[in-house]
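Colleague: Sequence first, predicted coordinates after that:
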Amino acid sequence: MRELLRKIPQVSKLIEEYGKVHGDSPLLRMAIKNAVDKVRREILEGKRSHLEDLGLVIEEELKRLKRTNLRRVINATGVVINTNLGRSVLSEETANFIKEIATHYSNLEFDLEEGKRGSRVRLVEELLVDLVGCESAHVVNNNAGAVFLVLNTHAKDREVIVSRGELVEIGGSFRIPDIMRASGAILVEVGTTNKTRLQDYKNAISPNTALIMKVHKSNFYMEGFIEEVKAEELLSLGLPVYYDAGSGLLMDLRKLGINYEEPSFEELIKKGLHLVSGSGDKLLGGPQAGLILGKREFVEPLKKNPLSRVLRVDKLTLSALEHTLRLYREERYEEIPTLRMLSTAEEELKKKAKKVAKHLKNVKWLSVSIVRELSVCGGGSLPELKLPTYCVAIKHQRISPQELYKWLLKQEPPVVGRLRDDLLLLDMRTVLEEDIKPLISVLKGLEF
C-alpha cells in the first residue's frame, strides 16, 4: 500500500502534463486534485491495487466538473408529471419566449401605457380572469405558498374548519396541518377519516371561525364506506369557503378525450366559491407557481400582505405562465406537452415503440420486445387514471435489469426507465419526439 501511494505522481507534474493537452485552467487543477484524492482514498481503503487508469480517472473527473448539475434527462418512466424529473415540460414556443425575456430587459414592473411603475402580477391576471371567469387573481411561487398566504391573510389567529379526511400530505413531507400552523391559523378538524357531513361543519362554527377550507384529494382516492360534503354545499353555512384544488386543472379533461372527473378552476369558480388555489406546473402544464383565484374582496388583500413579496414569482416564471395561458386562450392544447402526453392515442405510442425497437434488433447481448402497459399522470394528480401505453422492454444477457437501469442513468443524456420483473421498460408515452434519436444512440452503446 505504501509503495503504491509513493508511486502517485505529484499534482504539479500531472498539471504540467495534462495542461499541454487541455490547457492549464482552474478546472483542470481541480480535476487532477480530486482524481488524486480519490485514487489515494481507494488505495487506503484497499479498493485499488494499481495506477494504470489514473489518466482515465482524471479525464472522467474533468468531464464531470464541466457538466452542469441540472441536466436534461429522457423520461421513459411513463409518469407524465414526474416530480423527480421536473414535473411539466414546457413547449418549444414557450421556451423561446422565456429566452427572449431572459436575455433582454422587459416591462416586468413597468406600465408602458402610464409610463410608471406597475405590478408584475397584472401581466397574467387578465388572462386568468378571462380563462376562469373569476373576479380577481394572484400568483405566488407554488401552491403550498398559495395555501400559506390565504390562511395567513384571512385566518391568522382564527379558526379554519377542515374535514379530517382532507388533512393530506402534499409531497416532500409537507402536510396541511403543518402549513396551517405555520400560517397562524387555528385548525378545527371535523368528521372522521372516511365520513364528514354538513352538520359536522355546522356544529364546529364559532365566533372565531374565519374560513371553511376544502382540500381536494388530488394525490389519493378513497372508496367504500365514505361520505364527503360538496364544495357548493358548504356555501350554505354563510362563511367564506376556500378550496385548495391542488393539481391546477384549467380545462375539462373530456375535451382531450380523457374520461375522468376532476374539478377545474372554471367549474369551481362557477359554483360561487370565495377562493380557489392550485399549481401551475401540474395539470395546467406550465411552470411552478401557485395560482389564487376568486372574489375580488378576498383576492386583493392577499396582494397587500407583505408575504406576497416573500412568495412572489420571478420574470422567467411569469413569462412561462403567460405564454402557457395564451396557448389555452387560443385553444392550442396540443402544444402543451403535458396535455399532449396525457391524450396521446395508443396507436401512436405503439408506432413510436416499434420505431425504437427496430433500431435495436441487431444490438449484441440485447433482447428487445414491445409490451402493452399502463402509464400514470403523476405529480399528485389524477390518482385513479390509468392510461394504456406501449413500452420497449429490454433485457441484457450480461448484466441484470438493476445494473442496466443504473448504467442508463450514467449516460449522456441519462435515461430513466422503470423496472418490472426481469425487464427494463421504456414507456413511450413520456419519451418526447426529440428524445427518440438520442435514446436509440444511448441504447446502441449497450453492445459490450
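Modeller: Sure thing, it's come through.

Colleague: and the gap between Asp252 and Gly246?
Modeller: Per CB to CB, to the nearest Å, Asp252 is found 17 Å from Gly246. Where you see a C-beta, it was placed from the backbone N, CA and C, and this is true even at glycine.

Colleague: Show the average pLDDT along stretch 134-145.
Modeller: Across stretch 134-145, the average pLDDT comes to 96.

Colleague: Now do the buried residues in that stretch.
Modeller: Buried residues in stretch 134-145, counted by 16 or more other CB atoms under 10 Å: Cys134, Ser136, Ala137, His138, Val139, Val140, Asn141, Asn142, Asn143, Ala144, Gly145.

Colleague: mind checking the end-to-end distance for that stretch?
Modeller: For stretch 134-145, the first and last residues are 20 Å from each other (CA to CA, to the nearest Å).

Colleague: and His216, what does it touch?
Modeller: Going by CB atoms under 8 Å, 6 or more residues apart in numbering, His216 touches Glu166, Tyr243, Asp244, Ala245, Gly246, Ser247, Pro263.

Colleague: now do Glu189
Modeller: For Glu189, the contact set (CB under 8 Å, 6+ apart) comprises Val162, Ser163, Arg164, Leu167.

Colleague: Leaving out the residues flanking it, which one is nearest to the first one?
Modeller: What that stands for is Val162. Nearest non-adjacent residue to Val162, counting by CB to CB, 6 or more residues apart in numbering: Met213, 4.9 Å away.

Colleague: returning to what we had before: by pLDDT, give me the weakest of the contacts of Glu189.
Modeller: The weakest per-residue confidence within the contacts of Glu189 falls on Leu167 (90).

Colleague: Tell me how far it lies from Gly238.
Modeller: Leu167 sits at a distance of 24 Å from Gly238 (criterion: CB to CB).

Colleague: Counting neighbours, go ahead and name the busier of those two.
Modeller: The neighbour comparison of Leu167 against Gly238 (other CB atoms under 10 Å) goes to Leu167, with 16 against 10.

Colleague: ok, the more buried one to Gly191 distance?
Modeller: Distance of Leu167 to Gly191, given as CB to CB: 11 Å.

Colleague: same thing with Ala146?
Modeller: Applying CB to CB to Ala146 and Gly191 gives a distance of 24 Å.

Colleague: Compare those two (neighbour count), which wins?
Modeller: Set Ala146 next to Gly191 and count neighbours by other CB under 10 Å: Ala146 wins out with 29 against 22.

Colleague: now the more buried one, nearest residue through space, not along the chain?
Modeller: In this structure, Ala146 finds its nearest non-sequential neighbour in Gly290, 3.2 Å apart by CB to CB, 6+ apart.

Colleague: ok so, going back, Asp252 and Gly246 - which one has more neighbours?
Modeller: More crowded of Asp252 and Gly246, by other CB under 10 Å: Gly246, with 25 against 14.

Colleague: I'd assumed Ser279 was in contact with the more buried one.
Modeller: Yes. Using CB atoms under 8 Å, Gly246 is in contact with Ser279, at 6.7 Å.

Colleague: Overlap in contacts, these two.
Modeller: Asn143.

Colleague: hmm, back to that, can you pull up the bridge partners for the residue nearest to Val162?
Modeller: Going by DSSP bridges, Met213 is paired in beta bridges with Tyr242.

Colleague: quick one, what contacts it?
Modeller: Counting by CB under 8 Å, 6+ apart, Met213 has contacts Leu151, Val160, Ile161, Val162, Val241, Tyr242, Tyr243, Asp244.

Colleague: can you do 7 Å?
Modeller: Met213 makes contact with Val160, Ile161, Val162, Tyr242, Asp244 under the criterion CB atoms under 7 Å, 6 or more residues apart in numbering.

Colleague: before we move on, what about Val416?
Modeller: Counting by CB under 7 Å, 6+ apart, Val416 touches Val73, Ile74, Asn75, Ala76, Thr77, Leu85, Leu409.

Colleague: Let me know the secondary structure of Phe148.
Modeller: Classification of Phe148 using DSSP: H, G, I helix; E, B strand; the rest coil returns helix.

Colleague: give me the number of residues near the closest residue to it other than its chain neighbours?
Modeller: Spatially, and ignoring its direct neighbours in sequence, Phe148 is nearest to Ser183 (5.0 Å; CB to CB, 6+ apart). Ser183: 20 surrounding residues under other CB under 10 Å.

Colleague: which ones are touching Ser183?
Modeller: Ser183 neighbours (CB under 7 Å, 6+ apart): Phe148, Leu151, Asn152, Lys156.

Colleague: so the third one makes contact with Gly184?
Modeller: This means Asn152. Yes. At 5.7 Å, Asn152 and Gly184 qualify as touching, with contact defined as CB atoms under 7 Å.

Colleague: higher neighbour count, the two?
Modeller: Taking neighbours as other CB under 10 Å, Asn152 and Gly184 compare with Asn152 leading, 19 against 14.

Colleague: and the more buried one, how far is that from Pro306?
Modeller: Per CB to CB, Asn152 is found 10 Å from Pro306.

Colleague: And the residue nearest the centre of the chain, how close does it get to Leu408?
Modeller: In the chain, the residue lying closest to the centroid (CA atoms, centre = their mean) is Arg87, at 2.3 Å. Between Arg87 and Leu408 the distance is 21 Å, computed by CB to CB.

Colleague: In stretch 368-382, which residues are buried?
Modeller: Going by neighbour count (16+ other CB under 10 Å), the buried part of stretch 368-382 is Val368, Ile370, Glu373, Ser375, Val376, Cys377, Gly378, Gly379, Gly380, Ser381, Leu382.

Colleague: Find the nearest non-adjacent residue to Pro401, please.
Modeller: In space, and not counting its chain neighbours, Pro401 is closest to Leu424: 5.0 Å by CB to CB, 6+ apart.

Colleague: what does Val121 give?
Modeller: Per CB to CB, 6+ apart, closest to Val121 is Val139, 5.6 Å.

Colleague: check contacts around that neighbour.
Modeller: Residues near Val139 by CB under 7 Å, 6+ apart: Val121, Val124, Ala289, Gly290, Leu291, Val313, Leu321.

Colleague: Looking at those, state which has the most neighbours.
Modeller: Among the contacts of Val139, Leu291 has the most neighbours (other CB under 10 Å), with 28 neighbours.

Colleague: per-residue confidence at that residue?
Modeller: 98.

Colleague: Please apply the same query to Gly171.
Modeller: 65.
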